[in-house]
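# Sequence first, then the predicted structure:
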Amino acid sequence: MQIRLKFTKGEEVKYISHLDLMRTFQRAIRRADIPIAYSSGFNPHQEISFGAPLALGTSSSAEYVDIKLAKQMEPAEVSERLNKSLPQGIRISGGIILSENAKSAMAIVTHARYTVRMLIPDTGEERLQQDIQRFLEQKAILVMKKQPKKDFELKETDIRPMIIGMKLIPGISGEGKGEYLINCLLQSGSKANLKPELLIGAFREFTGYEVSGIRINREAVYAEKDGKLVELLDHK
Amino acid sequence: MIHNDTKDYLYDEILPRVEKPGRYIGTEWNSIHKDLDDSHIRFAFCFPDVYEVGMSHLGMKILYHLLNDQEDIYCERVFAPWTDMEAELRKSGNKLFALESRDAIDAFDFVGFTLQYEMSYTNILNMLDLAGIPLQATDRKKGQPFVVAGGPCAYNAEPLCDFVDFFMLGEGEEIILEVMEAYRQWKRTDGDREDYLRLVAKIKGVYVPAFYDVAYNEDGTVRQVAPKRADIPPKIRKRVIKNLKGAYFPDKIIVPFIDIVHDRIMLEIFRGCTRGCRFCQAGMIYRPVREREVDELVEIADRLIESSGYEEVSLSSLSTSDFSKLNELVEKLMSKYESKKVSLSLPSLRIDSFSLKLVREVQKVRKSGLTFAPEAGTQRMRDVINKGVDEEDLIQSAGAAFETGYNSLKLYFMIGLPTETMEDVQGIADLAFKVVDRYYEVPKQQRGKGLNVTVSVSSFVPKPFTPFQWEPQDTVEQLAQKQRYLQKAIKKKQVTYNWHEPDVSYLEAVFARGDRRLGKVLNRAWELGCKFDGWDQYFKMDLWMQAFRDCGIDPSFYANRRREIEEVLPWDHIDVGITKKYLRSEMKKAQKGELTRDCRVVCTGCGINLLEEGGVCK
């Protein structure tokens, strides 16, 4: 039996790497006594796999882990047990049972939604709104981008097509403090992948703003189904 | 900057810029976070090295939970920030903070350092400075923390006396709670700093250096160390837990997010060692030998596995093979945990046929290398240091290992041991070759493919409270020459030769047997930029030598001088339970190459049994 769990990677744990996160789960699973399946062979390891890795420093409301169980246990029960055994900042928010031939979370992802919180002095919502507008109206947005398949070699890439949407969330927080929230929907996954850090870098360069206090949160991860974007747990 | 909160600033601006931000998070599983109120005694437990090293230290795990089990004490962890983090803190004007609360530690009640090795001393100064705490104990005022220290180097911490308000000698579990109780009393009285120091000086095992005067002879040796007042004890005696049965051990340990040096459960099976190797300080200062009961160990392991989720348990002690019920313990642990996929590791084994069989049973999976520590190359030399291993044993064990398929072997040696000749140095190469030859005696189809013997050679550092405490260390030039000689002698494709930098061993020898005058050298070296001296990439010998010159102190006086048997040693006012008489007789036996037996067979009269009323040895 295989299940997929959705979890948060909050502020407290946003600085731990993908590898650290995996180890953290493996130990939490042992503490919670989840009947996880082990691989056979001389050095048995837990049958567990994670969705797309998150950049160090980015928090998330939508991370995914697929777990193979050796015995039947409802996702709700697994979630409840794990939530008692996971460190601060990691919380399971839902789960589904996967079909026998389900593809991995990593394989089906096509898009991700992020909110980016920034501190920008000397601007206002209206002006920022216009800046974003102008930014998106560019024909091409060229940045130096690492190519994972080519040894992370840097190559000038047009990221404009990978930006599906980018909006200021108005009236969210103290404009007086210079704090702004931007919501963006970006391509994500094996076909095309744009990291929000890269987008913010390009935006910063375009506007010349002195941006600090950047906090990025992954809000949702989607897969395409019948031409529509569906949240990963709805993609059975 | 628009950040209102320093903690937010640290988290949002600094951490993204440093390597391994996971070192500074502080919310690991089983870390303790308390809601603070005024009544809390705040204790910053500082390990003067990087997170991955400090978090691997068992003593810290024990004391952290012991202190936090007291409702009114909040103990937090502090490690030496890596150099990138230090630069960020200094640049932004932030102070060194404790991991759990991210509060600056200069407002804590205690800042406590554990002294594990001499080469971490400059990090202590650097951490105090980063915390905004005056380096000199005499400059600290009411409201500033008491800087305290413990651990093996505290037995001769004279070079740190300028910086530390008081030391706790011996096993911390009991003494630290007494020190805390004295603090509660003192806080109620509104006394000044000295009142508190006087209060703790009454606790057995507490050493307040400011209460002692050191006088020197004209030749620079110590004339005497004497208490300034009649109510201060002339000798400070270390503390031990008489019986480990039922002794405190936490039910849970912190599980780090990032990979650390020893990322597993360390199950302490016993303390002390009875072998009596004459170079070994641990073998003397951690006496007496006290074992935990098998059933209690299994219970502790159960609780820790459950609360941590760790997948590996490592038995911890100075010499695993000497645990009297090792077989029983291993069998019990194995039968319990095999199905739970918890593995067991047995470090510090004496390699003989018995342990080989045990290792094979335990490590069914990983066929990693084996480590042997003959320590010296010739039988004569091994007899001098009382390492009761003979060549035949070693070759036989190596043979047994090769026959079971091991093809990787590590051999540990020391050069510069007392009475050593070039013949003894050559003996190291000879022994390595005999091990290689033994491999080729094993039939080809039976032995593992591709032999690799690693010969690891370090330089002998004479340490206080050992029979060699009076011995001169070889000069750096002599050590380097011996290293070069070996390097040439050992050139063989199956043998890898590793050595330790003699410069570092030289400084270790200086500080291990140093006196209070070295405080200013430490201070100067730190001013010049020395830190992380245990890390190759940061160790700067030229700066150290400059520090000695600037202070007008000759390091060779400490490292390379033979000390007279009548000489007052800088640590003579510290009593670790081993008598000077015993150490002297061991030194004489060493000179004659006479062996001393394991004291479990027959008491060798080291004096430790008189440490506590009623005796401490079984």
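Sure thing, it's come through. Residues are numbered from 1 along each chain as shown, chains lettered A, B, ... in the order given.
# residues touching the closest residue in space to A:Gln187 that isn't next to it in sequence, list them.
Sequence neighbours aside, A:Met162 is the residue nearest to A:Gln187 in space, at 4.2 Å (criterion: C-beta to C-beta, 6 or more residues apart in numbering or on different chains). Glycine gets a C-beta too; all of them are placed from N, C-alpha and C. A:Met162 sits next to A:186-187, A:192-194 when contact means C-beta atoms under 8 Å, 6 or more residues apart in numbering or on different chains.
# In strands, which of those appear?
A:186-187 (DSSP state E).
# Who wins on neighbours among the contacts of A:Met162?
Highest neighbour count within the contacts of A:Met162, by other C-beta atoms under 10 Å in any protein chain shown: A:Leu194, with 24 neighbours.
# Kindly provide the distance from the closest residue to that one other than its chain neighbours to B:Ser307.
Ranked by C-beta to C-beta, 6+ apart and with sequence neighbours excluded, the top spatial neighbour of A:Leu194 is A:Met162, at 3.9 Å. Distance from A:Met162 to B:Ser307, counting by C-beta to C-beta, to the nearest Å: 45 Å.
# Also B:Gly593?
Relative to B:Ser307, and taking C-beta to C-beta, B:Gly593 is found at 50 Å.
# So which of those two has more stuff around it?
More crowded of B:Gly593 and B:Ser307, by other C-beta under 10 Å: B:Ser307, with 18 against 15.
# isn't there a helix covering that one?
Yes: under DSSP: H, G, I helix; E, B strand; the rest coil, B:Ser307 sits within a helix.
# hang on, it packs against B:His65?
No: if you go by C-beta atoms under 8 Å, B:Ser307 and B:His65 don't touch, sitting 10.9 Å apart.
# Next, show the common contact partners of the two.
Joint contacts of B:Ser307 and B:His65 (C-beta under 8 Å, 6+ apart) are B:251-253.
# Which residues does the strand or helix carrying A:Ala28 contact?
Here A:Ala28, judged by DSSP states H and E, is contained in helix A:18-31. With contacts defined as C-beta under 8 Å, 6+ apart, helix A:18-31 is touched by A:9, A:13, A:16, A:36, A:46, A:48, A:50, A:53-54, A:65, A:67, A:82, A:85-87, A:90, B:22, B:29, B:255, B:257-259, B:305-311, B:340.
# Buried only: go through those for me.
A:9, A:13, A:16, A:36, A:46, A:48, A:50, A:54, A:65, A:67, A:82, A:85-87, A:90, B:22, B:29, B:255, B:257-258, B:305, B:307-311 (16 or more other C-beta atoms under 10 Å in any protein chain shown).
# Over in chain A, which residue gets nearest chain B? Let me know.
A:Arg27 (3.3 Å; C-beta to the nearest C-beta).
# can you list the residues of chain B near chain A?
Counting by C-beta under 8 Å from any C-beta of the partner chain, the residues of chain B lying close to chain A are B:1-3, B:8, B:11-13, B:15-16, B:21-22, B:24-25, B:27-29, B:255, B:257-259, B:305-311, B:340-341, B:365-366.
# Determine the longest helix present in chain B.
The longest helix of chain B (DSSP state H) is helix B:422-441.
# Enumerate the positions of that one that are buried.
For helix B:422-441, by 16+ other C-beta under 10 Å, it's B:424-425, B:427-429, B:431-433, B:435-436, B:438-439.
# center of chain B, which residue is that?
Centroid-nearest residue in chain B, with C-alpha atoms, centre = their mean: B:Gln116, separated by 3.6 Å.
# Number of residues surrounding the nearest residue to that one once chain neighbours are set aside?
Counting by C-beta to C-beta, 6+ apart, B:Gln116 lies nearest to B:Gly151, which is 5.5 Å off, once chain neighbours are set aside. B:Gly151: 22 surrounding residues under other C-beta under 10 Å.
# can I assume B:Gly151 is in contact with B:Gly59?
Yes: B:Gly151 is within contact range of B:Gly59, at 6.9 Å (criterion: C-beta under 8 Å).
# what touches both of those two?
B:Thr114.
# For chain A, what's the nearest residue on the stretch 401-550 of chain B?
B:Gly405 (13.8 Å).
# hang on, isn't that residue packed against B:Gly448?
Yes: between B:Gly405 and B:Gly448 there is a contact under C-beta under 8 Å: 4.7 Å.
# Which of these two has more residues huddled nearby?
B:Gly448 (17 against 13).
# Quick check: nearest residue in space to that one, chain neighbours excluded?
According to C-beta to C-beta, 6+ apart, the nearest residue to B:Gly448 is B:Asn407 (3.2 Å).
# count of neighbours near the one you found?
18.
# wait, isn't it in contact with B:Gly450?
Yes: proximity of B:Asn407 to B:Gly450 meets the contact threshold set by C-beta under 8 Å, at 5.8 Å.
# From the centre of chain A, give me the residue that's furthest out.
Outermost in chain A, C-alpha atoms, centre = their mean: A:Phe42 at 34.1 Å.
# How about the contacts made by the residue in chain B that chain A sits nearest to?
As assessed by C-beta to the nearest C-beta, chain A sits closest to B:Gly309 within chain B, at 3.3 Å. Shown in contact with B:Gly309 (C-beta under 8 Å, 6+ apart): A:26-31, A:85, B:29, B:255.
# what does stretch B:514-523 rub up against?
B:121-122, B:125, B:135, B:156, B:158-163, B:209, B:214, B:222, B:510-511, B:547-548, B:551, B:553, B:558, B:570.
# The residues you listed, buried ones only, as a PyMOL selection?
Buried members of these, defined by 16+ other C-beta under 10 Å, are picked up in PyMOL with:
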select buried, chain B and resi 121+122+125+135+156+158+159+160+161+162+163+209+214+222+510+511+547+548+551+553+558+570
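# Cool, thanks, signing off.
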